[in-house]
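Participant: next comes the sequence, and after it the predicted model I'd like to discuss.
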Amino acid sequence: MAFEELPVPDFAWPFGAGQLDANEAIDFILVADSIDTAFTDFARHEVFQVDYGGKHWSDAEAEFACLKRAMDEGLPILDGRYLAKITRAELDRIFTGNIPMPMLDEKLAVLHEVGGVLAAKYDGRFHKFVQSCSPRLYGNGNGLIERLVKEFPRFNDVSMLDGLEIKFYKLAQLGVWMLYAILHSIGKFRLEDAGKMTAFADYIVPLALRLHGITRYSEKLEQAIQSRQLIPRDSRWEIEIRGHCVYATALLCEEVNKLRPQNQQVLIPQIDARLWMHFHKTTWPHHLTRTIMY
């Protein structure tokens, strides 16, 4: 892996961020990121998919495609005032795909919450929230991650284990990483501490680590995953799967960078992207947990 290119991902996918101005791109990415969760039907184990722009999209990419399609149709999906009042029927129509969008009710509740905060404090727009933050992930309480998890409860991705608070912040970090990947190189988004990002602990990266032999599951856990049993949110299994994902990718990044020249050092999210892109369409079962956090 150290001798692969390992680029910063091109998140231009179906939503044409390059064709939006920077503020619209910020709005789109963070609205989409807020509901970027659970795209596998828990009963039938089918993945949400959609055709858009002459291409076939699945999983999170299909969600982004649906939102861009809604924009093309003139729906004000970037405005918090609209999101705060969007109906279930409207959201169901936006997410017309091969199957009903998994956890649609939970996504609806998230949009109502997020839209309400945006409407009340930031004129309905995520870019105005971003502009109000320090250009850092962590900045004495004013960093982007710190503010996201405090002001928008849906991003406060934490679990308790043995009396310790485990902070994963998957979607908060992912949203900022997408902004960085798309806008930083063209001078439209400044981030001074990108090296503090961890992996985005989800379903797919732990699966990739497992199939590479980097992590190993107990026989009981492996059997539960293979038989597609639900792994409860905040259970020891779920927390340890995500925790080892964060730790293993950090170690892997260190080892990769030891083998690369100084001018080609990579960030942990680049390792994350390499694993996610290679495995997000695999047929190998991953753990399943009903949660809005990833």
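Facilitator: Cool, got the structure.

Participant: tell me if I am right that Gly115 is in a strand.
Facilitator: No - Gly115 sits outside any strand when classified using DSSP: H, G, I helix; E, B strand; the rest coil, being helix.

Participant: would you mind confirming that it is in contact with Gly80?
Facilitator: Yes - counting by CB atoms under 8 Å, Gly115 does reach Gly80; the two are 4.1 Å apart. Where C-beta positions appear, they are placed from N, C-alpha and C, glycine not excepted.

Participant: those two: which is more packed in?
Facilitator: Taking other CB atoms under 10 Å, Gly115 and Gly80 do not tie; Gly80 has more neighbours (27 against 22).

Participant: where's that one relative to Leu267, distance?
Facilitator: Here Gly80 is placed at a distance of 30 Å from Leu267 (CB to CB, to the nearest Å).

Participant: quick revisit: mutual contacts of Gly115 and Gly80, please.
Facilitator: Shared contacts of Gly115 and Gly80 (CB atoms under 8 Å, 6 or more residues apart in numbering): Gly124.

Participant: those strands in the stretch 1-150 of the chain, which residues are they?
Facilitator: 49-52, 55-58 (DSSP state E, counting those that start in this stretch).

Participant: and the pLDDT for the closest residue in space to Gly143 that isn't next to it in sequence?
Facilitator: Spatial nearest neighbour of Gly143, chain neighbours left out: Arg136 (4.5 Å); criterion: CB to CB, 6 or more residues apart in numbering. Looking at Arg136, its pLDDT is 98.

Participant: which residues are in contact with Arg136?
Facilitator: With CB under 8 Å, 6+ apart, Arg136 has these contacts: 143-144, 191-193.

Participant: buried ones among these?
Facilitator: Among the contacts of Arg136, those scoring as buried are 143-144, 191 (criterion: 16 or more other CB atoms under 10 Å).

Participant: could I get those as TSV with pLDDT?
Facilitator: Below are the buried ones among the contacts of Arg136 laid out as TSV (pLDDT from 0 to 100):
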residue	pLDDT
Gly143	98
Leu144	98
Leu191	97
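
Participant: so can I have TSV of those residues showing distance to Asn23?
Facilitator: Output for the buried ones among the contacts of Arg136, formatted as TSV (distance: CB to CB, whole Å):
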residue	distance to Asn23
Gly143	20
Leu144	16
Leu191	17
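
Participant: please list the members of the residues you listed that lie in helices.
Facilitator: Among the buried ones among the contacts of Arg136, the members falling in helices (DSSP state H) are Leu144.

Participant: the bottom helix or strand of this structure by mean pLDDT?
Facilitator: The helix or strand of the chain with the poorest confidence is strand 55-58; it has a mean of 90 (mean pLDDT, DSSP states H and E).

Participant: distance between that strand and the chain's centre?
Facilitator: Centroid displacement of strand 55-58 relative to its chain, using CA atoms, centre = their mean, to the nearest Å, is 18 Å.

Participant: alright, I will stop here.
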